[in-house]
Every structure is written in structure tokens, then in C-alpha cells.
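Novice: pasting the sequence and the predicted coordinates here, then a few questions.
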Amino acid sequence: MIFVDTSAWAALFIPNDPRHEAARFWHEQNQEQLVTTDYVVDELLTLLKARFSIQAAIRAGHFLWSGRSCTLSYLNLQDIEKAWKIFRSHRDKGWSFTDCTSFALMQRLRLSSAFAFDKHFSQMHGIRRVPV
């Protein structure tokens with residue numbers, strides 16, 4: 001199972017994103033199950049609506065909630081508490097709270113790979129960012 005970050009979803013859904021082709025190619029070649037979180041979906045839909053259009057956000061939401069491409073995992077209280085601990089203990093990093101929730105979920109699910117273009121995923125110990 002591979003975790004998917006906002007940066008990868010954005011690259012997939014935005015055709016003029018400079019990483020769109022790399023994201024599309026990796027996504028088409030990938031055979032593993034994908035998982036993302038409700039926090040990532042929130043961040044993505046907000047980004048798409050603010051920078052592009054409500055239609056782009058709605059299309060992405062329909063795609064993600066359809067379950068065709070990934071499993072949507074909802075964070076629980078323990079994930080959020082763990083994220084808060086990560087957020088407080090890594091003050092030298094530029095990690096967003098959403099990044100920290102992603103790391104917390106990845107730890108709970110014992111995931112070591114993240115489909116992400118966000119360099120922060122390369123900074124977390126034990127996580128391999130794909131595509132390389």
C-alpha cells in the first residue's frame with residue numbers, strides 16, 4: 001500500500017502542472033493499492049477551488065470519493081494526537097500539520113512509501129518518496 005499526498009493528487013488533476021506527466025505515468029504504472037486521508041482531500045479540494053475552479057475541485061472530489069483509485073482513510077483521535085506530537089517535536093522542519101497527520105497515519109499503517117512531490121516526505125525517517 002502506498003500513501004498519496006496532496007502534491008501528487010494536484011499534479012494528477014492539474015494538466016498544466018509541471019509534474020503532471022510524471023504523476024500520470026507513475027499512477028498508470030503503479031500496481032499497489034493507494035491510500036490517502038480526509039485531511040489530504042480537504043487540502044486538495046481547497047487548493048483546487050482557490051487556484052483553479054470549483055469544477056476542478058468537484059471533479060477531484062467525485063474521483064476520490066468513488067473509491068476507484070484509492071482508499072480514503074479517516075484520521076482517528078490517536079492519529080491527530082500523534083500528528084500534534086510530530087508537529088511540536090520537529091520545529092526545524094517546514095512540515096504542515098497536514099503533513100504531520102499523513103506521517104502519523106503512515107506510521108499506524110506501517111507504510112514506507114509515499115506518492116508525493118513534496119520534499120517534506122523525504123525528510124521523514126523511514127519514508128521513501130515515489131516517483132524518484
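Specialist: Received, thanks.

Novice: buried residues in stretch 7-24?
Specialist: Across stretch 7-24, burial judged by 16 or more other Cβ atoms under 10 Å covers 7-14, 17, 19, 23. C-beta here means a position set from N, CA and C on the backbone, and glycine is covered the same way.

Novice: now the residues you listed as CSV including distance to F115, pLDDT and secondary structure?
Specialist: Shown next, in CSV, are those (distance: Cβ to Cβ, whole Å; pLDDT from 0 to 100; DSSP: H, G, I helix; E, B strand; the rest coil):
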residue, distance to F115, pLDDT, secondary structure
S7, 9, 95, helix
A8, 4, 96, helix
W9, 9, 96, helix
A10, 12, 95, helix
A11, 9, 95, helix
L12, 9, 94, helix
F13, 13, 93, helix
I14, 15, 92, coil
D17, 14, 92, coil
R19, 11, 95, coil
A23, 8, 96, helix
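
Novice: closest to A56 among those residues?
Specialist: F13 (6.6 Å; Cβ to Cβ).

Novice: surely the closest one meets H62?
Specialist: No: with contact defined as Cβ atoms under 8 Å, F13 does not reach H62; the gap is 11.2 Å.

Novice: run a quick neighbour tally on L105.
Specialist: L105 has 25 neighbouring residues, counting by other Cβ atoms under 10 Å.

Novice: element containing it, please.
Specialist: Element membership of L105 [criterion: DSSP states H and E] is helix 97-109.

Novice: hmm, who's touching that helix?
Specialist: Contacts to helix 97-109, defined as Cβ atoms under 8 Å, 6 or more residues apart in numbering, come from residues 1, 3, 5-6, 35, 37, 39-40, 42-43, 73, 75, 78-80, 82-84, 86-87, 90, 95, 111-112, 114, 118, 120-121, 124, 127.

Novice: strands - which of these land there?
Specialist: 3, 35, 37, 73, 114 (DSSP state E).

Novice: contacting residues around the fourth one?
Specialist: Applying Cβ under 8 Å, 6+ apart, we find S73 in contact with 35-38, 105, 109.

Novice: ok, 6 Å please
Specialist: Residues near S73 by Cβ atoms under 6 Å, 6 or more residues apart in numbering: 35, 37.
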